[in-house]
Each structure stands twice: as structure tokens, then as C-alpha cells.
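K.L.:
Here is my input; please provide its structure:
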Amino acid sequence: MNSTEPTITLYGTERCHKTDYYKSFLIEKGLAFEFKDVELNQTFAKELRSLYENGRLNFPTLTIGGKRLRNPNDKDLNKWLTKLL
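P.N.:
Modelled structure (predicted):
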């Protein structure tokens with residue numbers, strides 16, 4: 001990934017099957033991303049809570065640059081990856 005591409009961050013937990021799905025999805029596409037486990041790290045949990053007005057741990061959540069995606073389906077995720085990368 002070059003410096004002009006937006007950063008991809010995945011907020012989730014190791015025990016969450018949907019988080020695992022998104023990890024695999026991004027790896028299969030060859031995309032670099034940062035995984036932030038919101039159960040193991042309170043700073044990551046605070047970051048995730050700050051993304052939502054209700055302050056909840058809504059995971060999995062992906063951020064691609066400034067775009068936030070809460071548990072997106074494949075079609076929406078592919079759309080935003082194509083649009084933003």
C-alpha cells in the first residue's frame with residue numbers, strides 16, 4: 001500500500017466470527033490493514049466508541065480513510081474499497 005491510499009482499520013475481537021471473516025476478506029484481496037482488538041485494548045475500544053454517537057462497541061467496524069462501515073456486506077465493502085483505494 002502506498003502513502004496516497006487510505007488506511008484500512010478493522011475494529012473487532014479475536015473471538016468474533018464476523019471479525020475473522022473481514023480479516024480473511026482483506027488478506028485475500030492483498031490489502032494492508034490494521035486490526036484493533038477492542039476487548040484486549042481499552043484505547044482501541046475508546047476509539048471505536050468515539051465513532052458512534054451512542055458510544056457503543058459496534059464491532060466489527062471497518063474504517064477506510066474517513067469512511068466508517070459497520071458490519072458491511074460484501075457488495076458494500078467492495079464498493080467502498082473500489083471507490084476509496
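K.L.:
mind listing the strands for the chain?
P.N.:
Assigned strands in the chain, in chain order: 8-12, 34-37, 61-64, 67-70 (criterion: DSSP state E).
K.L.:
Next, the contact list for Phe44, please.
P.N.:
Contacts here follow C-beta atoms under 8 Å, 6 or more residues apart in numbering; on that basis Phe44 touches Tyr11, Lys36, Asp37, Val38. All C-beta atoms are positioned from the backbone trio N, CA, C, and that covers glycine.
K.L.:
what's the residue lying closest to the last one once chain neighbours are set aside in contact with, if anything?
P.N.:
Spelled out, that is Val38. Once flanking residues are discounted, Val38 sits nearest to Ala45: 4.3 Å by C-beta to C-beta, 6 or more residues apart in numbering. Ala45 makes contact with Val38, Glu39, Leu57, according to C-beta under 8 Å, 6+ apart.
K.L.:
Separate out the buried members of those.
P.N.:
Burial by neighbour count, judged by 16 or more other C-beta atoms under 10 Å, picks out Val38, Leu57 from those.
K.L.:
between the contacts of Ala45, which is nearest Leu26?
P.N.:
Taking C-beta to C-beta as the measure, Leu26 sits nearest to Val38 out of the contacts of Ala45, at 17.2 Å.
K.L.:
so that closest one touches Arg56, yeah?
P.N.:
No. Between Val38 and Arg56 no contact is recorded; they are 10.8 Å apart, counting by C-beta atoms under 8 Å.
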